[in-house]
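S.K.: This is a predicted model, with the sequence first.
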Amino acid sequence: TQYPSQTSNQIKLAYEVTSFTIHKMTNSSNEIFIIITLNSHELMIIPISNHLKNLLTSSSNNMNGKRNISPDSIHSFRRKITKGASIFVTDDINVALHIPRGELEIIRPRPLLISKMRYFLEKLDFRSAFRLVRTNRLDMNLLVDDDYQRFIENSKDFLNAVGYNNLKDGFHIFIAEINDLDSTVASDTYRPIYNAYQAMEISRTKTVSIQKPKKDKKNIICDLFKNLSLELYTNDMHSNPGLFSVFTACCIRKNPREIERVLLKIKEELDSEDQARINTAEKSIRQIFVIVDDKHKLFRESLGTYDKNLFLMVAKRAQIDPTEIAELLKRFEECQPLAFRNANIDIYLKRFDKALKNLAVSGHELALNEGIRIAKKEKKFAYFISCFTENDNYQSSDLYRKVCIEYAEVLAKSHGKLREAAIYMQFAGEFAKA
């Protein structure tokens, strides 16, 4: 053709080359790349590696008149560039292209960015790696997937390095983008680059770590930072209030979300009578409303904490109809004692296991009848009876005996299970009926 070919030891690596350069990454590894522009308006990047050298040597010794290497045998990366662009200069992760109309265009090819990111990660410079990933819009999962075990072992350093006080930056950006996929394998963008690292051994560690993320990577990472942040916050609540935002974010980002747990922790902070901790809890509530779209779900979860102040605070921010709130409060406040009130809240939220547990300790006939109704409808008689056994004197309880008799009659009449019915009659002390 009218365009030259790029050769090494007189062996062709590429065709229709318009410009090329040999580029070495600065301040990082010994990784060297051949960067080429093609007449097809593409930028081609070829890592120089032992793998490539072996191909060249093998081809030189076995030419038989041919001086070409199959393109499939070379790990190269291509991207579209402006028509007619040629290489002007390269510097670290930047490639400056000269455009025919006289302008310069600076691009950052992903292979060079990944090389730089891996260098920072191997040096445990998590701040620089995070900034590089965020600035260049790479996948945040790469920070974990590049070496899963290294990330887990240095999670505390990572948290401190990227920062957590700004809800719009640092850790909060990272945790929002974490998913279960291994980006080095699942992504069409990054898989060829990491395949090249594995096949060509061009990294300083000579191979990509064999440690791979688990299938439930997202939940593992959330649990890791949730427990770490809560431990650090508990040790020094006043010096690191931002750690509570990490705990909140991890609870909300889990699948399924742990909204109830974080609300209970917020309740604990609100009840502390420490103004600093109360302020931290209020900030956490605002943070939850930013992350969670379903305001009604938050409203229901806050009701399930049995805390009136927290419920009113969340209801106000969720913009729930005040009339509905007033009716609910009136309905529940009429229920006494406290266990019976909590049971009615659980029934309203359809948390029947918790409702039966609260009804069992309420200690009056109305609660017992409601518990029997739910146990029949939801087929939870055995569980309801087990709730009474947590009391040391349950066998002498009239309520316990009545539930056992009721269940025995249901077993005998509705299911024909006479043997099981007899056992529950014995529990109730009705030996003749048994």
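M.R.: Looks like it came in fine. Residues are numbered from 1 along each chain as shown.
S.K.: Grab the nearest non-local neighbour of residue 97.
M.R.: Once flanking residues are discounted, residue 97 sits nearest to residue 85: 4.1 Å by Cβ to Cβ, 6 or more residues apart in numbering. Bear in mind the C-beta positions are built from the backbone N, C-alpha and C, glycine included.
S.K.: List phi and psi for that neighbour.
M.R.: phi -70, psi 150 (degrees, to the nearest 10).
S.K.: what separates it from residue 108, distance-wise?
M.R.: As for residue 85, its distance to residue 108 is 15 Å (criterion: Cβ to Cβ, to the nearest Å).
S.K.: any idea how far residue 19 is from the residue nearest to residue 97?
M.R.: In terms of Cβ to Cβ, residue 85 sits 9 Å off from residue 19.
S.K.: Which one's more surrounded, those two?
M.R.: Between residue 85 and residue 19, counted using other Cβ atoms under 10 Å, residue 85 has the larger neighbour count: 23 against 16.
S.K.: Please tell me I have it right and the more buried one contacts residue 99.
M.R.: Yes - between residue 85 and residue 99 there is a contact under Cβ atoms under 8 Å: 5.5 Å.
S.K.: Common neighbours of the two, please.
M.R.: Common contacts of residue 85 and residue 99 (Cβ atoms under 8 Å, 6 or more residues apart in numbering): residue 105.
S.K.: what touches both of residue 85 and residue 19?
M.R.: residue 37.
S.K.: what does the longest helix seen in the chain contact?
M.R.: Ranked by residue count under DSSP state H, the longest helix found in the chain is helix 217-235. With contacts defined as Cβ under 8 Å, 6+ apart, helix 217-235 is touched by 144, 148, 152, 155-156, 159, 164, 171, 175, 178-182, 213-214, 240-241, 243-244, 246-247, 250-251, 253-255, 265.
S.K.: Helices of the stretch 201-350 of the chain, start to end?
M.R.: Under the criterion DSSP state H, counting those that start in this stretch, helices of the stretch 201-350 of the chain are mapped to 217-235, 242-253, 259-270, 275-291, 295-303, 308-317, 322-333, 338-348.
S.K.: Kindly compare burial across these and name the winner.
M.R.: helix 242-253 (a mean of 24; mean count of other Cβ atoms under 10 Å).
S.K.: Tell me which of the helices of the stretch 201-350 of the chain lies nearest to residue 417.
M.R.: helix 338-348 (27.7 Å; Cβ to Cβ).
S.K.: angle of that closest one against helix 295-303?
M.R.: Orientation check (axes from the mean of the first three to the mean of the last three Cα atoms, to 10 degrees): helix 338-348 against helix 295-303 gives 160 degrees.
S.K.: and the angle from helix 338-348 to helix 322-333?
M.R.: Using the same axes, to 10 degrees: helix 338-348 against helix 322-333 is 130 degrees.
S.K.: Run the chain-centre distance for the helix or strand that helix 338-348 is followed by.
M.R.: Toward the C-terminus, helix 338-348 is succeeded by helix 352-360 as the next helix or strand (DSSP states H and E). When distances are taken as Cα atoms, centre = their mean, to the nearest Å, helix 352-360 is centred 32 Å away from the chain's centroid.
S.K.: Buried ones in helix 352-360, by neighbour count?
M.R.: Neighbour-count burial for helix 352-360 flags 352, 355, 356, 357, 358, 359, 360 (criterion: 16 or more other Cβ atoms under 10 Å).
S.K.: contacting residues for the first one?
M.R.: This means residue 352. Counted by Cβ under 8 Å, 6+ apart, residue 352 has contacts 346, 374, 378, 380.
S.K.: Residue 224 versus the closest residue to the first one other than its chain neighbours, what's the distance?
M.R.: If the residues on either side of it in the chain are set aside, residue 346 comes closest to residue 355, at 3.6 Å by Cβ to Cβ, 6+ apart. According to Cβ to Cβ, residue 355 stands 34 Å off from residue 224.
S.K.: How about residue 121?
M.R.: 17 Å.
S.K.: before we move on, what about residue 179?
M.R.: Residue 179 is 15 Å from residue 224, where distance means Cβ to Cβ.
S.K.: do the same with residue 89
M.R.: Taken as Cβ to Cβ, the span from residue 89 to residue 224 is 43 Å.
S.K.: so what's the residue nearest to residue 346 up against?
M.R.: Counting by Cβ under 8 Å, 6+ apart, residue 355 touches 343, 344, 346, 347, 371, 374.
S.K.: which one of those residues sits closest to residue 303?
M.R.: Nearest member of the contacts of residue 355 to residue 303, counting by Cβ to Cβ, is residue 346, at 9.7 Å.
S.K.: which residues sit in contact with the closest one?
M.R.: For residue 346, the contacting residues are 304, 352, 354, 355, 358, by Cβ under 8 Å, 6+ apart.
S.K.: looking at it, the first one is touching residue 345, isn't it?
M.R.: Yes - Residue 304 lies in contact with residue 345 (Cβ under 8 Å); the separation is 6.7 Å.
S.K.: what residues are shared contacts of the two?
M.R.: In contact with both residue 304 and residue 345: no residue, using Cβ under 8 Å, 6+ apart.
S.K.: where do the strands sit along the protein?
M.R.: 6-8, 11-14, 17-24, 32-38, 42-48, 77-80, 86-91, 94-98, 104-107 (DSSP state E).
S.K.: per-residue pLDDT, the residue in the chain sticking out farthest from the centre?
M.R.: Going by Cα atoms, centre = their mean, the residue of the chain most distant from its centre is residue 432, 59.2 Å out. Residue 432 is assigned 86 on the pLDDT scale.
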